[in-house]
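Colleague: my questions are about this predicted structure, shown below with the sequence.
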Amino acid sequence: MNVLCPGVVVDTAADVTGVVGSGKKFLPATVMVPPLLWLAADESNDVNGQRFVASLWDDTLDPDARIGRAKQSSGELPRIM
């Protein structure tokens with residue numbers, strides 16, 4: 001199993017009471033789509049036990065660099081809020 005987290009605050013329909021007025025900027029929830037599609041594809045069949053940060057996913061990089069950039073150890077995960 002792999003984990004995909006946004007890595008930033010995303011704009012969703014969820015209740016974000018107390019955060020909206022804090023001046024934080026939100027990324028669209030669609031930031032999750034590119035790495036999610038990769039994780040659901042056959043290309044990622046050999047990837048297991050990893051954490052990926054969607055906000056670090058960069059489709060302009062070659063596949064290995066993109067995966068390496070978004071892959072994080074549990075100690076490296078950015079704080080969401």
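Modeller: Thanks, I have the structure now.
Colleague: got the phi and psi for residue 71?
Modeller: Main-chain torsions, residue 71, degrees, to the nearest 10: phi -80, psi 130.
Colleague: bridge partners for it, pull those for me.
Modeller: Under DSSP bridges, the beta-bridge partners of residue 71 are residue 52.
Colleague: averaged pLDDT, stretch 66-75. What do you get?
Modeller: The pLDDT scores in stretch 66-75 average 82.
Colleague: now do the buried residues in it.
Modeller: 66-67, 70-72 (16 or more other Cβ atoms under 10 Å). All C-beta spots, glycine's among them, are computed from the backbone N, C-alpha and C.
Colleague: what about residue 32, how many neighbours?
Modeller: Neighbour count for residue 32, taken as other Cβ atoms under 10 Å: 20.
Colleague: quick one: contacts for the nearest residue to it once chain neighbours are set aside?
Modeller: Leaving out its chain neighbours, the residue that sits closest to residue 32 by Cβ to Cβ, 6 or more residues apart in numbering is residue 54, at 4.7 Å. Taking Cβ atoms under 8 Å, 6 or more residues apart in numbering, we find residue 54 in contact with 4-7, 31-32, 34-36, 70.
Colleague: in this structure, which spans are strands?
Modeller: Using DSSP state E, the strands found in the chain span residues 3-5, 10-11, 27-28, 51-53, 71-72.
Colleague: off-centre distance for the first one?
Modeller: Right, strand 3-5. Mean C-alpha position of strand 3-5 versus that of the full chain (Cα atoms, centre = their mean, to the nearest Å) differs by 6 Å.
Colleague: what do you get for the last one?
Modeller: Between the centre of strand 71-72 and the centre of its chain there are 9 Å (Cα atoms, centre = their mean).
Colleague: list the helices and strands that strand packs on?
Modeller: strand 51-53 (3 or more Cβ pairs under 8 Å, 6 or more residues apart in numbering; DSSP states H and E).
Colleague: so which elements touch the strand it packs on?
Modeller: In terms of contacts (3+ Cβ pairs under 8 Å, 6+ apart), strand 51-53 is packed against strand 3-5, helix 63-70, strand 71-72.
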